[in-house]
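Colleague: sharing a model prediction with you, sequence too.
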Amino acid sequence: MCGICGIHHFKNSQPVEEPVIRRMTESIRHRGPDDEGYYFGESIGFGFRRLSIIDLVSGHQPMSDAAGKIWVVFNGEIYNFPELRRELAQQGCEFRTNSDTEVIIHGYRKWGMDVLDHLSGMFGLAIWDVKDRRLMLARDRMGIKPIYYYLSQDTLVFGSEIRAVLAGGAVYAGMDICSAALFLQFRYVPSPRTIFRDINKLASGTRLVVEKGVARCEQWWNFAPR
């Protein structure tokens with residue numbers, strides 16, 4: 001179990017305050033006792049807490065490609081990463097680590113946002129494309145790994161837990177009455193709602209993409225019975 005969090009100001013170049021990202025990351029320390037990492041770029045910041053499973057030495061996150069143009073924070077496990085690694089290596093990709101995170105990076109360089117279709121596993125991830133100024137949050141097909149977020153007209157705050165989003169300081173922790181009613185009816189709060197009024201949960205098989213100052217949420221996978 002690892003934890004990710006971040007902030008993106010997508011309507012301007014306002015820098016993300018480092019103490020805020022560190023506070024968000026500290027709020028999910030229990031998710032990853034082995035390592036922590038940070039990335040700060042123009043108008044964006046990532047935080048990460050790590051529980052080491054694969055490549056304890058070189059799997060530090062946030063991780064980027066060699067040029068520093070694609071950055072990833074990732075919670076989960078990619079079951080087919082050895083097969084994807086071989087496929088990408090045969091096509092000329094040069095790997096520096098044995099981690100599944102780097103496979104996501106090279107996969108994004110090869111397939112763009114369609115990299116998600118190639119991943120078999122459980123994951124909650126964020127990919128920042130520096131050149132295209134595109135941020136993509138994505139959740140696995142079954143929704144095993146969570147991502148929560150707050151979205152305003154110009155800012156996106158996200159994390160593996162609600163407490164990380166609240167630690168960002170941009171959202172008030174007010175209860176959503178409709179969500180409370182749903183909980184009493186179903187004994188859980190259906191996605192994309194949460195018990196908090198302004199915090200949403202990314203649904204399974206869904207991605208949230210922010211680019212060119214616009215945010216859109218779209219289903220990248222649907223269950224199709226045969």
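Modeller: Sure, I can see it. Numbers count the residues shown, from 1 in each chain.
Colleague: now do the helices in this structure.
Modeller: Along the chain, the stretches classed as helices by DSSP state H are 18-26, 81-90, 100-111, 115-118, 162-167, 177-186.
Colleague: reformat the ones you listed as a markdown table; add mean pLDDT.
Modeller: Written out in a markdown table, the entries for the helices of the chain read as follows (pLDDT from 0 to 100):
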| stretch | mean pLDDT |
| --- | --- |
| helix 18-26 | 98 |
| helix 81-90 | 97 |
| helix 100-111 | 97 |
| helix 115-118 | 98 |
| helix 162-167 | 98 |
| helix 177-186 | 95 |
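Colleague: of all those, which one is nearest residue 215?
Modeller: Proximity of those to residue 215 was assessed by Cβ to Cβ; the nearest stretch is helix 162-167, lying at 15.2 Å. C-beta here means a position set from N, CA and C on the backbone, and glycine is covered the same way.
Colleague: tabulate the CA atom coordinates of that closest one in PDB.
Modeller: What follows is helix 162-167 as a C-alpha-only set of coordinates in PDB (Å, rounded to 0.1, in the frame of the first residue of the first chain):
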ATOM      1  CA  ILE A 162      -9.700  12.100   1.700                       C
ATOM      2  CA  ARG A 163      -7.500  13.200   4.600                       C
ATOM      3  CA  ALA A 164      -4.800  14.200   2.000                       C
ATOM      4  CA  VAL A 165      -7.300  16.300   0.000                       C
ATOM      5  CA  LEU A 166      -8.400  18.000   3.200                       C
ATOM      6  CA  ALA A 167      -4.800  18.600   4.200                       C
END
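Colleague: next one, pLDDT for residue 99 please.
Modeller: Per-residue confidence (pLDDT) for residue 99: 91.
Colleague: next, count neighbours for residue 177.
Modeller: When counting by other Cβ atoms under 10 Å, one arrives at 9 neighbours for residue 177.
Colleague: now it: how far from residue 193?
Modeller: 11 Å (Cβ to Cβ, to the nearest Å).
Colleague: swap in residue 89?
Modeller: Residue 89 is 42 Å from residue 193, by Cβ to Cβ.
Colleague: those two: which is more packed in?
Modeller: Neighbours per residue, other Cβ under 10 Å: of residue 89 and residue 193, the larger number sits with residue 193, 17 against 13.
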